[in-house]
Structures are given as C-alpha cells and as structure tokens.
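Trainee: Turn this into a structure:
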Amino acid sequence: MALLAPPPSDIVVSHRFERARVANLLLGLWLVASAVLWRHFADSRLNTWLVGALVATFALLTIRKPSLRWANALLGAWLLLSTVAIIRPVELATWWNNLLVAVGVIGFALLSHRGNVTTVELDTPISEPRNTH
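Mentor: Residues are numbered from 1 along each chain as shown. Reported below is the predicted structural model:
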C-alpha cells in the first residue's frame, strides 16, 4: 500500500534543523526577557530587545523559508559586534549574556540547514518500508 506525501508542505525538515530553529527561537525569546530582567543602558536594552524579537521571528519564518536562517546569522553577528565594540552594558552579566547568545544564534543559524532539507513532490507516492528480514 502506498502512502501519499504529506500536505501542505513540500519540505521535509530533519530533526537537527528543527532543533536548531527551536534553539534560535528560545535564544531570541531569552534576549527579549533579559532586556528587562536586569539593568541596561537605554541603547543596550533597545538593541537586546530588538535583536531578540527579530531572532525569534526569523526562527519561526524559517519553517516556510529555510534560507532566512541567514538573517539570524547576520543578527547574531550584529549582536556580537555591538556587544564587543559599540554598546556599553551596565552590568557584566549583560555583556556575557549577549556575547554567549550571539555566538549561539550564529552557530544554530549556520548549523540549521547544512544538507538537511529534501524537496518532496506532493503527488509522489511514498511506499511503505519493506521488511528485509
């Protein structure tokens, strides 16, 4: 008996891609929360909050368009650069938090797509696995 390919998506996403996307979603949400959990200068708080909201948004958008992971890689690079060179945090914890999250966002954005997406024709039947024993 043949099964039809699952609608509505024509993309089958591997577990590794999905985990990396979820990790970036969580990192983005963490940035948004951390912007209000401890003291920041106004520019640092705004930067942390905006980058977090955008990372979470792009993590969700990669469900339909995996190439948007590059937006998260760029946002992670911006957060890294702004943390190290541009924006002054009030607390050392803020500096370390943003630095580590930036590295994580970049890593998960780059990891999340390498050879993990396969296109499937919607009308192509998928046969059941054969028992080889």
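Trainee: what helix or strand does the closest residue to S34 other than its chain neighbours sit in?
Mentor: Using C-beta to C-beta, 6 or more residues apart in numbering and skipping residues adjacent in sequence, the residue nearest S34 is N97, 5.5 Å away. C-beta: built from backbone N, CA, C; applies to glycine. Assigned by DSSP states H and E, N97 falls within helix 92-111.
Trainee: Name the residues that touch that helix?
Mentor: 16, 20-21, 23-24, 27-28, 30-31, 34, 38-40, 44, 48, 55, 69-70, 72-73, 75-77, 79-80, 82-84, 89 (C-beta atoms under 8 Å, 6 or more residues apart in numbering).
Trainee: and those residues, which are buried?
Mentor: 20-21, 23-24, 27-28, 30-31, 34, 40, 44, 48, 55, 69, 72-73, 75-76, 79-80, 82-83, 89 (16 or more other C-beta atoms under 10 Å).
Trainee: ranges for the strands of the protein?
Mentor: Per DSSP state E, the chain carries strands over the ranges 2-4, 11-13, 117-119, 125-127.
Trainee: In the protein, where is pLDDT below threshold?
Mentor: The model of the chain has pLDDT under 70 over residues 1-16, 87, 89, 112-133.
Trainee: Please, where are all the helices along it?
Mentor: With helices called from DSSP state H, the chain shows them at 15-37, 42-61, 69-81, 92-111.
Trainee: now the second one and helix 92-111, what's the angle there?
Mentor: Read that as helix 42-61. Orientation check (axes from the mean of the first three to the mean of the last three C-alpha atoms, to 10 degrees): helix 42-61 against helix 92-111 gives 30 degrees.
Trainee: With the first one instead?
Mentor: When the same axes, to 10 degrees is applied, the directions of helix 15-37 and helix 92-111 differ by 160 degrees.
Trainee: Give me the helices and strands touching helix 15-37, please.
Mentor: Packing contacts for helix 15-37, counted by 3 or more C-beta pairs under 8 Å, 6 or more residues apart in numbering; DSSP states H and E, involve helix 42-61, helix 69-81, helix 92-111.
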